[in-house]
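Colleague: Provided below are the primary sequence and the corresponding predicted coordinates.
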Amino acid sequence: MIGRQQEQHILQQAYQSKQPELIAVIGRRRVGKTYLIRQFFKDKLDFEMIGLKDGTKEQQLRNFAYSLKDSQGNAQLNIPKDWLEAFYFLKEYVQVLGDDSRKKVIFIDELPWIATAKSDFLTGFSYFWNSYASKANVLVVICGSATAWMIKKIIHNKGGLHNRVTRKILLKPFTLSETKAYFQARHIHFSHYQLLQLYMTMGGIPHYLDQVEKGKSAIQNIEQICFHHHGLLRTEFDNLYSSLFLHPERYEAVVRILAATWKGISRLEIVKKTKLKDGGGLTSLLKELEQSGFITSYTPFHKKKKDTLYRLTDNYSLFYLKFIQPLANNQSSSWQTLSQTQAWKSWSGYAFENICLQHIHKIKEALGIAGIHTNQFSFLAKATEYHKGLQIDLLIDRSDNAINFCEIKFYNHEWTLKKATIDRLNEKKRLFQQLSETQKQVFITLITTYGVKENQYSSENIDAIIQLNDFFT
């Protein structure tokens, strides 16, 4: 298994524990939750059930009965009349397994698809856990792609499951280095620049990466997967949001607005552009999008919570809305041609910024400040009659009385610094110090793909240089 060391450690601890365990595994669609559980436990699973998308209560109960019969072998098929009876059947089955020295493992996947509003599933599950599993040598894994639902209904449950989850796993997409290891395990070898191109398109989602074929360049693979009529990512966008949210059109509306603006925008701007009502419903919607890994909220440097900005950080959604969605259903396109346009060059700069934000831990390692507490900010000041406008996409504010002012640039070659560039960077630094009134040391830090060509300007004016290779260490 590639990566997932921390997650496997949690599962191992739970399996070896002398106590009953209820583990909630959350993470966005296609990130590899089911694969993790099946690969780790393999033949140790005593019962497994996967919820049915859009299944009725009766269909879900029949699905449960089939899953239980498969686990029991040649047992008679008994279809329960409700979830209370279903979990009574499961309790009887686990008790019959005997051998209290061995932990019994139960896996219920896509829980939000089963536990719909009128299903009473959580009533039956609460009965099973509280009356039996919480006192037995049992490990229950519950899993769901609807991250916000899992957090609200399971982890923060206020009813019979309150404080019952013993461990939780938030499964995140692969990092760039994990993506490289994933391809190497499949004997596919890309340069770091080619890996970056793929990552900007589909992120570190294992199921998407699984579509990549050996012997084809990044551009060839992107064209095949994203632009051909049968390509998985040609139509994944609609499936992605509809599988996670009850009214996907509202969530998509916010994502589309964020995709159209290559900087963070405020809640008021979101309300104005989407026509959604500004209230608790919007608060929940934004929170759910963030918990599911699609957007990121952040407060600019020296600003208050009311100044929070929102940014689309899901790599695939960003790529889809810019390049795939504009195509008609019967239209295909050449990514070889599109990837040479100015539109792609501009977009790739924003996409690379997102990836830098996703790999802030690698940037800190490269700067030698991994052990120092930091906060990450942007900085935005509108022009006035007294000073120019200023936007800085990444500030690393350090507890050792220093700040890294980061300039992020995406190039397909070394960046050659010229006097005009240095003058601009020094002016931005001076203006930031003036407007923020910070007394901290400010270091000019360049983050780019192939680094910076050494010359008098780089050696005299730049404090630190981070390049793409640093993200793969």
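Modeller: Structure's in. What do you need? Just so it is clear, the structure is predicted and the values come from calculations on it, not from any experiment.

Colleague: Spatially central residue for this protein, please.
Modeller: Among the residues of the chain, the smallest C-alpha distance to the mean C-alpha position (CA atoms, centre = their mean) belongs to Gly293, namely 3.9 Å.

Colleague: what sits against that residue?
Modeller: Gly27, Arg28, Thr147, Lys172, Pro173, Thr313, Asp314 (CB atoms under 8 Å, 6 or more residues apart in numbering). All C-beta atoms are positioned from the backbone trio N, CA, C, and that covers glycine.

Colleague: Now it. Its backbone dihedrals?
Modeller: Note on Gly293: backbone dihedrals following degrees, to the nearest 10 are phi 90, psi 20.

Colleague: Next: Gln441.
Modeller: phi -70, psi 130.

Colleague: Run through the bridge partners of it.
Modeller: Here Gln441 sits in beta bridges with Ala402, going by DSSP bridges.

Colleague: Helix or strand with the lowest mean pLDDT in this protein?
Modeller: helix 335-338 (a mean of 84; mean pLDDT, DSSP states H and E).

Colleague: Next, work out how far apart Pro300 and Ala185 are.
Modeller: Relative to Ala185, Pro300 is positioned 41 Å away (criterion: CB to CB, to the nearest Å).

Colleague: Check Gln358 too.
Modeller: Looking at Gln358 against Ala185, where the rule is CB to CB, the gap reads 22 Å.

Colleague: ok, those two, which is more surrounded?
Modeller: A direct count of neighbours by other CB atoms under 10 Å for Gln358 and Ala185 places Gln358 higher, at 21 against 10.

Colleague: Which residue, other than its chain neighbours, is closest to the more buried one?
Modeller: Here the nearest residue to Gln358 in space, its sequence neighbours aside, is Thr313; by CB to CB, 6 or more residues apart in numbering that works out to 6.9 Å.

Colleague: What pLDDT does the model give Thr473?
Modeller: Reading off the confidence values, Thr473 has pLDDT 88.

Colleague: Next up, the contacts around Asn130.
Modeller: Shown in contact with Asn130 (CB under 8 Å, 6+ apart): Gly160, Arg164.

Colleague: and it, which of the three is it?
Modeller: When the structure is split into helix, strand and coil by DSSP: H, G, I helix; E, B strand; the rest coil, Asn130 lands in helix.

Colleague: Please tell me how far Phe319 sits from Ile205.
Modeller: Separation of Phe319 from Ile205 (CB to CB) stands at 12 Å.

Colleague: what's the answer for Leu246, then?
Modeller: Using CB to CB, which is the criterion applied here, Leu246 is 23 Å from Ile205.

Colleague: And Thr166, by the same measure?
Modeller: Computed with CB to CB, the distance linking Thr166 and Ile205 is 28 Å.

Colleague: These two: which is more packed in?
Modeller: Using other CB under 10 Å as the criterion, Thr166 and Ile205 rank with Ile205 on top: 25 against 16.

Colleague: is it true that that one touches Ser317?
Modeller: No. Under the criterion of CB atoms under 8 Å, Ile205 lies out of contact with Ser317, with a separation of 11.2 Å.

Colleague: still on that earlier bit, name the nearest of the contacts of Gly293 relative to Thr201.
Modeller: Of all those, the one with the least separation from Thr201 (CB to CB) is Asp314, at 11.6 Å.

Colleague: OK, contacts around the closest one?
Modeller: Gly203, Val255, Gly293, Phe294, Ile295.

Colleague: Could you tell me which of those residues belong to helices?
Modeller: The subset of those located in helices under the criterion DSSP state H comprises Val255.

Colleague: Return the members of the contacts of Asp314 classed as buried.
Modeller: Gly203, Val255, Gly293, Phe294, Ile295 (16 or more other CB atoms under 10 Å).

Colleague: what about the strands in the stretch 1-150 of the chain?
Modeller: Using DSSP state E, counting those that start in this stretch, the strands of the stretch 1-150 of the chain run over 21-26, 45-50, 104-109, 138-144.

Colleague: Just want the angle from the last one to strand 104-109.
Modeller: Interaxial angle of strand 138-144 relative to strand 104-109 (axes from the mean of the first three to the mean of the last three CA atoms, to 10 degrees): 10 degrees.

Colleague: List the pairing partners of strand 138-144 within its sheet, with orientation.
Modeller: strand 21-26 (parallel), strand 104-109 (parallel).

Colleague: Need the residues that contact the first one.
Modeller: Put plainly, it is strand 21-26. 10-11, 14-15, 33, 36-37, 103, 129, 133-134, 138-144, 147, 150-151, 154-155, 164-171.

Colleague: what's the distance between the nearest residue to Gln433 once chain neighbours are set aside and Gln376?
Modeller: Leaving out its chain neighbours, the residue that sits closest to Gln433 by CB to CB, 6+ apart is Val442, at 6.1 Å. In this structure, Val442 and Gln376 are separated by 15 Å, where distance is defined by CB to CB.

Colleague: I am finished for the moment; much appreciated.
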